[in-house]
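Sequence first, then the predicted structure:
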Amino acid sequence: MGRLKRKKYHKGNTYVQKMFRTRRKTKDIDQIHEDMKPEKADKLLNQEVDHDLPGAGQNYCLHCAKHFIDLQAMTSHFKSRNHKRRLRALTEEPYSQKEADAAAGMGSYYAPQKLKKVKTQPIVKKDMDTTED
């Protein structure tokens, strides 16, 4: 009996590996902190109707940067583990250039501070039946 041949079916398929690595890419925490600023948050929560987005772009979770089909799906998302985990991650101070410089040896490093507790956005029922003739 000889050695069994090892099969390397996926060797060299780097394009497949890269595709799977970037498929579920979402916004980073510091980008969401920028979106949570009042002027930008107001704009994101009150978007115009866009039929290319799920739910015509009317049901948007600001903290997770996701669109939902309807209000019921969004409210069930607010109770989910993933949303609560994201809220907990948003309580830390966002990554900044000052922190990057300190990590590179240019200055003193201070641990990121805890921010105030982040609450889930208020649910606003929007009337989508209003169409102009």
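Sure, I can see it.

Nearest residue to Gly107 in space, please, no chain neighbours.
Counting by CB to CB, 6 or more residues apart in numbering, the nearest residue to Gly107 once its immediate chain neighbours are dropped is Asp101, at 5.6 Å. C-beta here means a position set from N, CA and C on the backbone, and glycine is covered the same way.

Restrict the host helix or strand of the one you found to CA atoms and write it as PDB.
Per DSSP states H and E, Asp101 falls inside helix 97-103. The C-alpha trace of helix 97-103 is given here as PDB (Å, rounded to 0.1, in the frame of the first residue of the first chain):
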ATOM      1  CA  GLN A  97      -4.900  59.700  13.700                       C
ATOM      2  CA  LYS A  98      -3.600  60.700  17.100                       C
ATOM      3  CA  GLU A  99      -3.900  57.100  18.300                       C
ATOM      4  CA  ALA A 100      -2.200  55.800  15.100                       C
ATOM      5  CA  ASP A 101       0.700  58.200  15.700                       C
ATOM      6  CA  ALA A 102       1.000  57.100  19.300                       C
ATOM      7  CA  ALA A 103       1.100  53.400  18.200                       C
END
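
Distance check, the residue nearest to Gly107 against Asp30.
Distance of Asp101 to Asp30, given as CB to CB, to the nearest Å: 15 Å.

circling back: mean confidence (pLDDT) on the helix holding Asp101, please.
Here helix 97-103 scores 84 as its mean pLDDT.

can you list the residues that contact it?
For helix 97-103, contacts defined as CB atoms under 8 Å, 6 or more residues apart in numbering pick out 107-110, 112.
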